[in-house]
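In: Show me the folded form of this:
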Amino acid sequence: ARREGQQWVVQLAPGLQPPPSGLVLEWPYDQAPGEVLVDGVPGQWQDGRLHLTTLPTELRITLPHGH
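Out: From the prediction side, this is the model:
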């Protein structure tokens with residue numbers, strides 16, 4: 001993972017096998033989740049969680065102001 005300006009860029013590499021129900025990332029901040037791109041396509045947070053079913057993938061998550 002790395003930071004690029006106000007985005008957190010996360011590369012989930014080949015070889016990582018998601019569990020049958022997928023991989024879940026939880027939003028760590030008190031503010032509402034930022035916009036997320038999953039392989040360049042807008043993703044959808046559900047109750048502060050991002051569900052991923054295919055890997056490898058690249059996430060670009062917009063961080064809240066001040067983080």
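
In: CA atoms for contacts and neighbours, from now on please.
Out: Will do.

In: And the strands in this structure?
Out: Here the chain has its strands, by DSSP state E, at 2-4, 7-12, 23-26, 36-38, 41-42, 49-52, 57-62.

In: for the spatially most central residue of the chain, what are its contacts?
Out: Nearest to the mean C-alpha position of the chain, by CA atoms, centre = their mean, lies Leu59 at 4.7 Å. Residues in contact with Leu59, defined by CA atoms under 8 Å, 6 or more residues apart in numbering, are Trp8, Val9, Val10, Gln11, Val36, Leu37, Val38, Asp39, Gly40.

In: Enumerate every residue touching Asp39.
Out: By CA under 8 Å, 6+ apart, the neighbours of Asp39 are Thr57, Glu58, Leu59.

In: Using JSON lines, lay out the residues you listed together with distance to Tyr29.
Out: Formatted as JSON lines, those follow (distance: CA to CA, whole Å):
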{"residue": "Thr57", "distance to Tyr29": "22"}
{"residue": "Glu58", "distance to Tyr29": "21"}
{"residue": "Leu59", "distance to Tyr29": "17"}
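
In: Kindly tell me how buried the nearest residue to Ala32 once chain neighbours are set aside is, as a neighbour count.
Out: Leaving aside its chain neighbours, Ala32 sits nearest to Gly48 (7.5 Å; criterion: CA to CA, 6 or more residues apart in numbering). The local packing of Gly48 (other CA atoms under 10 Å) involves 17 other residues.

In: rewinding a little: may I have the beta-bridge partners of the residue nearest to the centre of the chain?
Out: Val10, Val38 (DSSP bridges).

In: how far away is it from Leu12?
Out: 8 Å (CA to CA, to the nearest Å).

In: do Gly22 as well
Out: Distance from Gly22 to Leu12, counting by CA to CA: 13 Å.

In: Also Thr62?
Out: From Thr62 to Leu12 the distance is 17 Å (CA to CA).

In: quick one: which of the two has more around it?
Out: Thr62 (19 against 15).
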